[in-house]
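Q: Dropping a prediction and its sequence here:
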Amino acid sequence: MKCGRCGLEITEKIKFCPECGFDLKIDQSVALLYGQEVEVLFFFDPKADGKVTGIVNPTLDQFQLHQNHTVVQRVQIGSHSLGSDEGSSSVLPFIKKSLDFLGETYDDERYRNVSLPELKKEYLRLFERVLKVKSQRQESLNKSAEKPPLPPIKK
């Protein structure tokens with residue numbers, strides 16, 4: 001077996017990698033994704049009481065199936081067990097992008113002294129709003145497309 005973090009060959013049954021300390025009880029096929037950048041399609045799942053669901057590296061069919069109620073983002077897969085080298089600078093661009101989509105102003109002062117866990121919570125709240133607004137906008141577009149065309153103007 002190989003360590004999913006550093007790639008060290010491990011022959012004995014142990015819980016942590018002796019080289020990097022990685023938790024070897026984690027599914028190694030998933031562990032190989034750590035550090036990889038993937039595309040995630042987030043959408044409201046009606047089968048899960050409207051909870052947000054995600055599909056990693058969606059196929060074209062999956063994207064087309066959910067395209068009216070979805071947000072696609074590129075993310076880098078990480079793990080709390082891999083150490084914490086991320087900071088607020090990794091979350092703030094997502095907050096700014098969400099506020100831009102919602103038509104709200106990003107105020108750097110508001111987020112300057114906020115802890116990383118609180119920034120992540122704020123981003124998740126904004127992200128859920130983005131999904132709802134996108135869904136509402138799409139429904140509005142669909143309704144306006146369903147309206148009968150206006151009669152021609154008489155000359």
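A: Received the coordinates, thanks. Numbering: from 1, shown residues only.
Q: Could I get the average pLDDT for the longest helix seen in the chain?
A: Longest among the helix segments of the chain by residue count, using DSSP state H, is helix 116-146. Per-residue pLDDT values over helix 116-146 give a mean of 83.
Q: buried set for that helix?
A: 119-120, 122-123, 126-127, 130-131, 134-135 (16 or more other CB atoms under 10 Å). Glycine gets a C-beta too; all of them are placed from N, C-alpha and C.
Q: buried ones in stretch 90-105?
A: 91-92, 94-95, 97-99, 101.
Q: any chance you could map the strands in this protein?
A: 37-45, 51-56, 70-76 (DSSP state E).
Q: From those strands, pick the one with the highest average neighbour count.
A: strand 37-45 (a mean of 16; mean count of other CB atoms under 10 Å).
Q: Give the pairing partners of it; include direction for each.
A: For strand 37-45, sheet partners with direction are given as strand 51-56 (antiparallel), strand 70-76 (antiparallel), following DSSP bridges.
Q: Could I get these in JSON lines, plus columns for mean pLDDT and distance to residue 38?
A: Listed next are these as JSON lines, based on pLDDT from 0 to 100; distance: least, CB to CB, whole Å:
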{"stretch": "strand 51-56", "mean pLDDT": "77", "distance to residue 38": "5"}
{"stretch": "strand 70-76", "mean pLDDT": "75", "distance to residue 38": "6"}
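Q: Dump those to JSON lines, plus distance to residue 44.
A: Listed next are the strands paired with strand 37-45 as JSON lines, based on distance: least, CB to CB, whole Å:
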{"stretch": "strand 51-56", "distance to residue 44": "6"}
{"stretch": "strand 70-76", "distance to residue 44": "8"}
